[in-house]
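*Asks:* okay, predicted coordinates and the sequence, questions at the end:
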Amino acid sequence: MDFLNSWWLYVIIGIVFAYVLLQSTVFLLKARRKAKELGFTNKQINKTMTSSMIFSLAPSFAILIGLVALSKVFGPMIAGMRLGTLGAVTYELPAAINVITGVFGMEIGDILTSEMVVTALWVMTFGCIPPLLIIPLFFKRFNKSLENVKKKDSTWNAVMMDALFLGMISAFVGFVLAPKTTDSGETYISLLAILVLITSALLIIVFGLLMKKFKWDWLKNYALPLSMISAMALAILFASWGVR
C-alpha cells in the first residue's frame, strides 16, 4: 500500500488540483467581468464573493467527514482528489464499501491490499462516467421532455421529482437495513445504523421546521452538515452504550 504515498501520485493529483483551481479562477474572472458589464459595483461583487465563501464552509464539513472515512481506503491524497473534484460523499463511500465488503469480504477498517483499493477506485471511476456523458448528450432533450410534461400537467413534474428522490433515499435505507455478518458468521441487523438514520432524519426535519417558522433561510446551507455531524456524534454515544 506504499503507492498511496508515492511521489508520482502527489504529482498526478497536484496536476489535477492545479487544473481545477485554474478553471475556477478563469470562471471567477469571467463572472466578475460580466457582473461589471451588467452594472454591479465592486462593493456588491466583493460582498457576494465573501458571502458565498462563508456559506460554502458549512457544506464543506460534510465533505470533510466523508474525506476522513474515505481516507481509510484510499489515503488522504486520492480521497481528497475524489471529493475535491467530481466525487460526492453520498456516492463515493457506499461504492467503496460495497466493493470491499461485497467482492472481497473485508471491512474498511481492515488491512486492505492494493488489488482491493484499485478495484474499488475503478468501480467509483466507471460509476462517475455515465453522468458526464448523459448530461452533455441528452440533458437538453430530457429537459425539453420535462417542460412538455409540465405544460400538460404541472403536478406531474413535482410527483416525478419526488418519486426520483424517494427512490434514491430508498437505496440508502436498504443499505442501512441490510443484514450484517460478523467474522464468526453471525448475521444481525444493525440497530446502531437504524438509530443514526432515524436521528439524522429527525434533525433535518427539526431544521426544516425552524427555517419555516422563523424564516431562517441561512440555515439551508447548514442543515445537512449539522444533521450529519450531530448524528455521527450520537452514533459514538450509542456505540458507547453497547448498541451495534
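*Replies:* Nice, thanks for sending it over. Numbering: from 1, shown residues only.

*Asks:* which helix runs longest in the chain?
*Replies:* Identified as the longest helix of the chain according to DSSP state H is helix 42-84.

*Asks:* after that helix, which helix or strand is next?
*Replies:* helix 89-97 (DSSP states H and E).

*Asks:* and that following helix, what does it pack onto?
*Replies:* If contacts are counted by 3 or more Cβ pairs under 8 Å, 6 or more residues apart in numbering; DSSP states H and E, helix 89-97 sits against helix 42-84, helix 114-152, helix 154-177. (Glycine included, C-beta is placed from N, CA and C.)

*Asks:* run through who's touching it.
*Replies:* 62-63, 65-66, 69-70, 73-74, 82-83, 108, 120, 123-124, 127-128, 172, 175 (Cβ atoms under 8 Å, 6 or more residues apart in numbering).

*Asks:* go again using 6 Å as the cut-off
*Replies:* Helix 89-97 has contacts (Cβ atoms under 6 Å, 6 or more residues apart in numbering) with 66, 69-70, 73, 82, 120, 123-124, 127.

*Asks:* return the most buried member of the helices and strands packed on helix 89-97.
*Replies:* Among those, ranked by average contacts under mean count of other Cβ atoms under 10 Å, first place goes to helix 42-84 (a mean of 15).

*Asks:* closest one of the contacts of helix 89-97 to residue 222?
*Replies:* residue 66 (16.8 Å; Cβ to Cβ).

*Asks:* residues touching the closest one, list them.
*Replies:* Applying Cβ under 6 Å, 6+ apart, the residues near residue 66 are 83, 89, 93.

*Asks:* what is the neighbour count of the second one?
*Replies:* Yep, that's residue 89 we're talking about. 18 (other Cβ atoms under 10 Å).

*Asks:* buried residues in stretch 191-200?
*Replies:* For stretch 191-200, the neighbour count (16 or more other Cβ atoms under 10 Å) marks 192-193, 195-197, 199-200 as buried.

*Asks:* hey, C-alpha coordinates of that stretch in CSV?
*Replies:* Provided in CSV are the C-alpha atoms of stretch 191-200 (Å, rounded to 0.1, in the frame of the first residue of the first chain):
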residue,chain,number,x,y,z
LEU,A,191,-29.7,-1.2,15.4
LEU,A,192,-26.9,1.4,15.5
ALA,A,193,-27.3,2.2,11.8
ILE,A,194,-31.0,2.4,12.1
LEU,A,195,-30.8,4.8,15.1
VAL,A,196,-28.3,7.0,13.3
LEU,A,197,-30.6,7.1,10.2
ILE,A,198,-33.7,8.0,12.3
THR,A,199,-31.7,10.6,14.3
SER,A,200,-30.4,12.3,11.2
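
*Asks:* quick one: contacts of that stretch?
*Replies:* With contact meaning Cβ under 6 Å, 6+ apart, stretch 191-200 is reached by 176, 227, 231, 234-235, 238, 243-244.

*Asks:* buried subset of the residues you listed?
*Replies:* 227, 231, 234-235, 238.

*Asks:* determine the set of other helices and strands touching the worst-scoring helix or strand of the chain on mean pLDDT.
*Replies:* Counting by mean pLDDT, DSSP states H and E, the chain has its least confident helix or strand at strand 180-181, which shows a mean of 74. Packing partners of strand 180-181 (3 or more Cβ pairs under 6 Å, 6 or more residues apart in numbering; DSSP states H and E): none among the helices and strands.

*Asks:* start at 527 instead
*Replies:* Got it, first residue is 527 now, which makes that one strand 706-707.

*Asks:* outside of it, which residues touch it?
*Replies:* 713-714, 716.

*Asks:* rerun that using 8 Å as the cut-off
*Replies:* Taking Cβ under 8 Å, 6+ apart as the rule, strand 706-707 contacts 713-716.
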